[in-house]
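[1] Show me the folded form of this:
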Amino acid sequence: MDKNWDDLRIFLALARGGTLTTAAKALGVSHPTVSRRVQVLEKQIGARLFDRLPDRFVPTSAGEELLADTEAMEKAAQSIHRRSAGLSDTVSGTVRLSAEEATAALIARYSAELRSKLQQIEFEVVSSHTLANLSRREADLLIREQVPELHGIVARKLGRLAYAIYAARSLPVKKTTPAALAALPWVGFDDDHLRMQGQSWLLEFRGGRRPEIRGNNWLVLHEAARTGAGLAVLPCHLADPDPMLRRVGGVIPDVFADQWLLVHRDLRALPRVRAVMDAVIALFQRERPLLEGRS
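    Numbers count the residues shown, from 1 in each chain. You can find the predicted model right below:
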């Protein structure tokens with residue numbers, strides 16, 4: 001008997017998530033729907049697909065075999081979806097771009113300009129530290145600091161971001177020697193985000209002392225610094241235009257972040273995606289002095 005692709009999608013979600021709750025949330029359906037559709041699929045196949053443990057569902061040997069085939073079907077369906085989108089020859093529609101919050105804020109700052117050049121395109125700018133799945137069309141374009149080793153991804157280097165120390169104009173900084181700066185209060189990332197630019201440098205600069213105020217987002221750090229909560233290492237493109245902040249010293253040579261524009265190869269020829277790519281590339285080239293802290 002032919003298997004319903006919707007049933008296979010539910011099977012796939014349950015195999016990946018392990019619980020009815022996770023699968024139901026991923027698919028936007030109810031728990032009973034997931035349970036019922038899996039039972040229907042098991043009846044059609046004539047084999048038990050999951051071992052029902054107290055806390056999760058684990059695929060049986062038959063489930064493992066079906067899982068491999070279903071994942072192949074999913075990849076084929078995603079490929080068809082991407083390629084069909086690429087057949088369009090009009091520069092219109094929605095383009096979804098994902099970037100970490102400081103770069104997303106940069107794109108938002110120039111959104112009016114981008115829209116004036118691309119009036120038939122609607123923009124969705126998503127702020128995220130995680131890597132959106134281009135194969136599943138979770139985003140059309142990504143801006144990231146590294147190029148992931150993923151099949152089908154095409155990368156274009158946009159430029160390099162510089163970082164420096166900033167203080168609110170209301171915060172008195174009488175001496176700028178390293179020892180004097182290290183003794184002042186600081187704003188930085190929490191322990192779960194020490195990978196963010198400048199955080200290792202800051203810990204070393206302060207002899208291992210953590211920032212007195214910590215967050216998980218560049219915009220949180222920016223807001224705290226501009227109100228005088230403490231010094232902060234910030235991207236120059238975010239802090240230099242802010243009249244409430246002043247730079248303390250020059251660009252930090254050892255702290256920088258390359259920016260890469262990522263797109264799936266099946267989408268790079270799609271006119272609306274290509275148009276946004278060209279506009280973003282041109283924006284980064286034009287604003288290079290700001291990005292590199294030379295504005």
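[2] Run through the strands of this protein in chain order.
    With DSSP state E as the criterion, the chain has strands at 50-52, 57-59, 93-99, 121-127, 141-144, 153-168, 186-189, 213-215, 231-235, 245-248, 256-264.
[3] is it possible to export those strands to a markdown table including mean neighbour count?
    (C-beta placed from N, C-alpha, C; glycine too.) A markdown table is the format used below for the strands of the chain (neighbours: other CB atoms under 10 Å):
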| stretch | mean neighbour count |
| --- | --- |
| strand 50-52 | 13 |
| strand 57-59 | 18 |
| strand 93-99 | 20 |
| strand 121-127 | 15 |
| strand 141-144 | 22 |
| strand 153-168 | 19 |
| strand 186-189 | 25 |
| strand 213-215 | 18 |
| strand 231-235 | 26 |
| strand 245-248 | 16 |
| strand 256-264 | 20 |
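[4] Can you lay out the ones you listed as TSV showing distance to Glu292?
    Shown next, in TSV, are the strands of the chain (distance: least, CB to CB, whole Å):
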stretch	distance to Glu292
strand 50-52	54
strand 57-59	51
strand 93-99	18
strand 121-127	22
strand 141-144	16
strand 153-168	5
strand 186-189	22
strand 213-215	25
strand 231-235	11
strand 245-248	13
strand 256-264	9
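[5] what's near enough to touch Thr103?
    Counting by CB atoms under 8 Å, 6 or more residues apart in numbering, Thr103 touches Ile143, Leu161, Gln259.
[6] picking that back up, ok, which of the strands of the chain comes nearest Ala282?
    For Ala282, the closest of the strands of the chain is strand 153-168, at 10.3 Å, according to CB to CB.
[7] in the sheet, who's paired with Ile143?
    Counting by DSSP bridges, Ile143 forms beta bridges with Ala99, Leu261.
[8] again with the one 10 residues further on
    When bridges are assigned using DSSP bridges, the partners listed for Ile153 are His264.
[9] Any regions of the protein where pLDDT drops low?
    Counting by pLDDT under 70, the chain has low-confidence residues at 1-4, 76-91, 132-137.
[10] Can you show me the helices along it?
    Using DSSP state H, the helices found in the chain span residues 5-17, 20-27, 31-45, 61-85, 101-109, 111-117, 178-183, 199-205, 218-226, 236-239, 271-286, 288-291.
[11] Pipe these into CSV and attach distance to Gly250 per row.
    Formatted as CSV, the helices of the chain follow (distance: least, CB to CB, whole Å):
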stretch, distance to Gly250
helix 5-17, 48
helix 20-27, 48
helix 31-45, 57
helix 61-85, 45
helix 101-109, 20
helix 111-117, 29
helix 178-183, 13
helix 199-205, 14
helix 218-226, 17
helix 236-239, 10
helix 271-286, 22
helix 288-291, 14
